[in-house]
Each structure stands twice: as C-alpha cells, then as structure tokens.
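**Q** here is a sequence with its predicted model. Questions after.
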Amino acid sequence: MIKQVFELLFGADPELRQIIGVTLRMSVMSTLISALIGIPWGVAMGANQFKGKAIVSRITNTLMGLPPVVAGLIVFLILSRSGPLGKLSLLYSVSAMVIAQVVLISPIIAGMTANIVSLRAPSINETCAGIGIFGWKRLWLTIKECRIPFVTTVLAGFGRSIAEVGAVQMVGGNIQFKTRVMTTAIMMQTNMGHFEMAVALGVVLLIISFVINSLVHRIQEQTQRDRIA
Amino acid sequence: MIVLRDVVQQYGGRVVLEIPELRFVPGRRYGLIGENGSGKTTLIRMLAGTSRPTSGRIEGLEGKKVGYLPQSPYAFSFSVVENVALALDGGRDAKEIARKALVVVGMESLVEARGDRLSGGEAQRMALARVLVRSYNVLLLDEPTSSTDVRSMDLIENTLREYVQKTQCTLIFSTHAPAQALRLADEVLYLEKGRLVEQGPAQALFHSPQDERTKAFLRHWSLNS
C-alpha cells in the first residue's frame, strides 16, 4: 500500500491534483474573506467599550463553537432552490463551500482578534488620549501593533478551513472534479475501501497542517524574542 | 480653575473615589500621595477624561489642552524617535523636535532603538518625552518615575520643573514616593481608601500634618525610607 501511496503522491494522478487544487482554492478564498470580516469585527469588539458589548461578545463566542453541520445546514437552506438566495444557483459549487466556511471561520478570527486587541487596547487608548490621538489614528496604531498576532489568527483560520468536512460536504456535495476536497475525499475513499488514495490525501493534509503550525510557531517565537530583547 | 464637585467613582458597586469638592489653582504643582488603592490613579484618569465619574462633575477643563502620562504608557514597536514624534501630528520638523526632547530626558543614545524593546525605566522616560514635546495648560502624570532609578528620577524632576516654569501649566502628579511630592509639589494631597484626607502646602503637610491618618502614613513612610 505504501508504494501505491507514493505513486499517487509523486505521480500525475489528475484527480488527486484536482482535489488538492479545489481544497487550496476554497481554503484560501474563505480565509481571505473571513479575515476581511473577522478582523474588523474583532478590532471593533476588542478596542472599544460600547453598549451591548457583552452580548456581542457572547454571540461571537457562541458562533466560534458553531457545529460545522449546523453552519452547513444554514447555508444549504439559504442557497437551496426555495431559499432566499436560491436564484443564484450556488448550491453544490465551490462558492457555496466558501460561504459555509466563511460562516464558520469569521467568528473564530473575530474572537481571536478581539482577544489580541483587548490585551493591548487599554494601554494604547490611555497613551493616545494623553497625547491627543483619537479616532482613526488611534485605531490604526492599535491595528499596526497587533499585526503579527493577526497573521497567526489568519493562519489558524486557514488551518480550520482546510480541515473542515461537515459543512463543505453538505453544501458542496463532494462532486468529482468539481467540489471534492481533501477531507470529503478521504471520507469517501475510506468508506469505499480505497485506502491508498485516502492515505495519500491524509499525508498532504498533514504536510499542510505541519507547515501552517510551523509558521504560527515561528511567528510566536519571533514575537516572544522581540518582547524579551 | 479645575473644580471637582461631588465626584464619585464606583467599580462594580464599590466606591473607589469620593470627593465632595476639590480645586486646582492654575499654574500650581500638586502631588497626590497615598497607599495603593487610595484613588490616585482614578482621580488622574478622571481628570484626563479616560474615565468618567459615576456621579458628580469636573469643571474648568473645557477648551484646555490636557497632557497625560498613564502609569503604564504604551511603547509602540517602532523607533523611539518615532514614538515621541507621534505626539506632534507628523509635522516636517517632528523628528527633530522629538530628538531634542529625547536628549532632555537622557535618551540620545536610544533614539533609533525600538520602543517595545526598552527597559521599564527607559520606556517611562521615552513616554515622558512624548508627553512633554507639546505644551499643555494642564499636565497629568501618574507615577512618572515608578520604574526609574535615582539618577533618572533627578533628571525627570528637573525636566518637569523646567517644563512647568516654561509653560506655566498646572501640574498634577501622583507618586509612590512622598519625598518626590515634597521636592516637586507646591501642594500635596493625601488620599486614603478613595477619600481626600488632607491637603496643604507641601512643607506644612509633611512637617505638621493635621489628620491622624496622614500622620500615620507619613510616620510609616519615614520609618521605611
């Protein structure tokens, strides 16, 4: 079996390449959109005191733990023919998978961002108030100071996206050469007893996960070194 | 004149500061002393506008330029000179002015160092330079020398004296070192458990305090210094 796995990994299997391509396209797209939504959402929560902050924070924390199948179900109902966005015919496409992923990942990025910002914001706000810096300039300084931890947050979002099964299966349909991604393919190949393909895909997923974790670790180490130096 | 009327500050239902009336005369230097938790920081933060009183009002700050140095100022991750220039609205000479301000607080050798890599004492001096680079009507400093060594403390105190003389601003500072209040302030205010216990000219308050609580605090301090 190991030989077959290596043949798949280093050969030119068109399906394997296609699955990896769709997975990366979906994960990169959903992470970017989630970052565009989640970072401002998290900054707004972490940097400001406002009425209803506690409830917004509680909702965000709840959404951070949203079960993927529930996210999948919500997006499925919205995109299905009788749903409010049914006319767009997005169901069983990569776009639908990206939407489901955004529903799942945006709150995670927002929650992590809020935590990062809330650690620095009180001190930055006090300092800025003391020298007459308010509004957008203060917000920009806060974002600038948090940029490195933000990268970690986005990478964590990407890691979550690439490993997702339930939601993408529901709205993507695991269609060959269209919406099949690594996780849904692993599940299907395992059920069919095609372990070589499942293991080959698992190896690719593990390698990607290892690279992401290494990057996060490196950024965290660098930040730690900067603080000590 | 800055006047506090019936000012109360509560956190989670606990009263942390309660001042029926307090006046700060323009151009004078006020030193706030007291144990940790006595309300010094709360009072300074309310005057700075970064904390609103639960009830009561503060008058006389409208239209005034107020500078404020918090107890733990933030050191941004860019260069020290850029940190100081932040306070100058990015004018063409901002960096040059910032550089001069850093020389005054003895940081000429650290101008290009990164702000977030400074020691506690260096960061405090940089933050002081960042505040003093502009002119204010009222200058509020929350424990401006809490992390500095004796030599730096002398330098900071001299810098503050010169700044106040030059700008004629009202200086209100808190300190964990009563001796600093005696050296730097015209008037000293002793706070305890969120209440103003005694206020008076620095020499008079230190040498003949009226309230038993002030006497006990000063006795404890002189025994330990």
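**A** All right, it came through fine.

**Q** next up, identify which helix or strand the residue nearest the centre of chain A is on.
**A** Centroid-nearest residue in chain A, with Cα atoms, centre = their mean: A:Gly157, separated by 2.9 Å. Using DSSP states H and E, A:Gly157 sits in helix A:147-162.

**Q** check which helices and strands that helix is in contact with.
**A** For helix A:147-162, the packing partners by 3 or more Cβ pairs under 8 Å, 6 or more residues apart in numbering or on different chains; DSSP states H and E come out as helix A:14-47, helix A:94-130, helix A:195-228. Using the backbone N, CA and C atoms, a C-beta is placed for each residue, glycine as well.

**Q** what angle separates it from helix A:94-130?
**A** Helix A:147-162 and helix A:94-130 meet at an angle of 160 degrees, taking axes from the mean of the first three to the mean of the last three Cα atoms, to 10 degrees as the criterion.

**Q** quick one, what contacts A:Ile99?
**A** Applying Cβ atoms under 8 Å, 6 or more residues apart in numbering or on different chains to A:Ile99 gives the contacts A:75, A:79, A:90, A:171.

**Q** looking at the residues you listed, which has the most residues close by?
**A** Using other Cβ atoms under 10 Å in any protein chain shown as the neighbour test, the contacts of A:Ile99 are led by A:Val171, with 31 neighbours.

**Q** I'd guessed that residue sits against A:Leu91; true?
**A** Yes: the pair A:Val171 / A:Leu91 is scored as a contact, 6.4 Å apart, by Cβ atoms under 8 Å.

**Q** where's the residue sitting nearest the centre point of chain B, which helix or strand?
**A** In chain B, the residue lying closest to the centroid (Cα atoms, centre = their mean) is B:Leu141, at 1.5 Å. Taking DSSP H and E as the definition, B:Leu141 sits inside strand B:138-142.

**Q** list the strands paired with that strand, with their directions.
**A** strand B:66-69 (parallel), strand B:170-174 (parallel) (DSSP bridges).

**Q** okay, these in CSV with distance to A:Gly46 and mean pLDDT next?
**A** Putting the strands paired with strand B:138-142 into CSV (distance: least, Cβ to Cβ, whole Å; pLDDT from 0 to 100) gives the following:
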stretch, distance to A:Gly46, mean pLDDT
strand B:66-69, 22, 97
strand B:170-174, 28, 97
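
**Q** if we can go back for a sec, out of the helices and strands packed on helix A:147-162, which is the most enclosed?
**A** helix A:94-130 (a mean of 23; mean count of other Cβ atoms under 10 Å in any protein chain shown).

**Q** please work out the average pLDDT along that one.
**A** For helix A:94-130, the per-residue pLDDT values average out at 96.

**Q** ok now that helix, how far from the chain's centre?
**A** Centroid separation for helix A:94-130 versus its chain: 12 Å, with Cα atoms, centre = their mean, to the nearest Å.

**Q** now what about stretch B:206-220, what contacts it?
**A** Residues outside stretch B:206-220 that contact it (Cβ under 8 Å, 6+ apart): B:33-35, B:178, B:182, B:188, B:190, B:192, B:197-198, B:200, B:205.

**Q** circling back: and the strands paired with strand B:138-142 as JSON lines, adding mean neighbour count?
**A** Below are those laid out as JSON lines (neighbours: other Cβ atoms under 10 Å in any protein chain shown):
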{"stretch": "strand B:66-69", "mean neighbour count": "24"}
{"stretch": "strand B:170-174", "mean neighbour count": "25"}
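
**Q** write out the residues of chain B neighbouring chain A.
**A** Counting by Cβ under 8 Å from any Cβ of the partner chain, the residues of chain B close to chain A are B:45, B:48-50, B:65, B:67-70, B:72-74, B:76-77, B:86-87, B:114, B:116-117, B:127, B:130-131, B:134, B:140.

**Q** okay, now the unreliable bits of chain B?
**A** Applying pLDDT under 70 to chain B flags the ranges B:90, B:225.

**Q** where do the strands sit along chain B?
**A** Under the criterion DSSP state E, chain B contains strands at B:2-11, B:14-24, B:29-33, B:55-59, B:66-69, B:138-142, B:170-174, B:187-192, B:195-201.

**Q** among the residues of chain B next to chain A, name the buried ones.
**A** Neighbour counting by 16 or more other Cβ atoms under 10 Å in any protein chain shown classes B:45, B:48, B:50, B:67-70, B:72-74, B:76-77, B:86-87, B:114, B:116-117, B:127, B:130-131, B:134, B:140 among the residues of chain B next to chain A as buried.

**Q** out of the residues you listed, which sit inside helices?
**A** Mapping these onto helices (DSSP state H) picks out B:45, B:48, B:127, B:130-131.

**Q** longest helix anywhere in chain B?
**A** helix B:150-167.

**Q** any buried residues in it, and which?
**A** For helix B:150-167, burial by neighbour count (16+ other Cβ under 10 Å) applies to B:152-153, B:155-156, B:159-160, B:163-164, B:167.

**Q** what's the pLDDT at the nearest residue to A:Pro107 once chain neighbours are set aside?
**A** Nearest residue to A:Pro107, sequence neighbours excluded (Cβ to Cβ, 6 or more residues apart in numbering or on different chains): A:Leu63, at 3.5 Å. Predicted confidence (pLDDT) at A:Leu63: the value is 96.

**Q** next, work out how far apart A:Leu63 and B:Pro178 are.
**A** From A:Leu63 over to B:Pro178 the distance is 52 Å, taken as Cβ to Cβ, to the nearest Å.

**Q** mind listing what's buried in the helix holding A:Gly157?
**A** Neighbour-count burial for helix A:147-162, counted by 16+ other Cβ under 10 Å, picks out A:149-150, A:152-162.

**Q** point out where chain A drops to low pLDDT.
**A** Scanning chain A with the threshold set as pLDDT under 70 gives A:1-3, A:5-6, A:8-9, A:224-229.

**Q** what does it put close to chain B?
**A** Residues of chain A lying near chain B (Cβ under 8 Å from any Cβ): A:120, A:123-127, A:129-133, A:141, A:144-145, A:226-227, A:229.
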